[in-house]
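Trainee: Sequence plus predicted model, see below.
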Amino acid sequence: MRLQAPPAVLAAVLLGGCASAPQPELAESIERCPTPRPQVCTMQYDPVCGVLGNGERKQYSNGCSACSDSAVTGYRAGPCE
């Protein structure tokens, strides 16, 4: 005798696994700040969205400027949305 789960149960199990999966595109797009931190940066405007240690985001003029802020752990290219 073979048992079959109702389709609703199978759908819940499959969708439940997807809901808890991390978003790899976000994690992969974050550029980590180097150690040691930059001391001098150019004035080039190439906006980035800095990720602060507390999870907040703040826009900077470029990656170097973002990483010169000790509160920033990394950044992603482009302005913050």
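Mentor: Cool, the structure landed. Residues are numbered from 1 along each chain as shown.
Trainee: what about this structure, any weak spots by pLDDT?
Mentor: Along the chain, the model assigns pLDDT under 70 to residues 1-28.
Trainee: can you pull out the strands in it?
Mentor: 31-32, 48-52, 57-60, 72-77 (DSSP state E).
Trainee: so can I have a markdown table of the ones you listed showing mean neighbour count and distance to residue 66?
Mentor: All C-beta atoms are positioned from the backbone trio N, CA, C, and that covers glycine. As requested, those are exported to a markdown table (neighbours: other C-beta atoms under 10 Å; distance: least, C-beta to C-beta, whole Å):
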| stretch | mean neighbour count | distance to residue 66 |
| --- | --- | --- |
| strand 31-32 | 12 | 9 |
| strand 48-52 | 20 | 4 |
| strand 57-60 | 16 | 4 |
| strand 72-77 | 19 | 4 |
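Trainee: Tell me which of those lies nearest to residue 39.
Mentor: Residue 39 sits nearest to strand 72-77 of all these, at 14.7 Å, using C-beta to C-beta.
Trainee: Walk me through which strands that closest one pairs with, and which way each runs.
Mentor: Note on strand 72-77: by DSSP bridges, its sheet partners are strand 31-32 (antiparallel), strand 48-52 (antiparallel).
Trainee: for the closest residue to residue 51 other than its chain neighbours, which residues make a bridge with it?
Mentor: Take residue 51 and drop its neighbours on the chain: the residue closest to it by C-beta to C-beta, 6 or more residues apart in numbering is residue 74, 5.1 Å away. Under the criterion DSSP bridges, residue 74 forms beta bridges with residue 32, residue 51.
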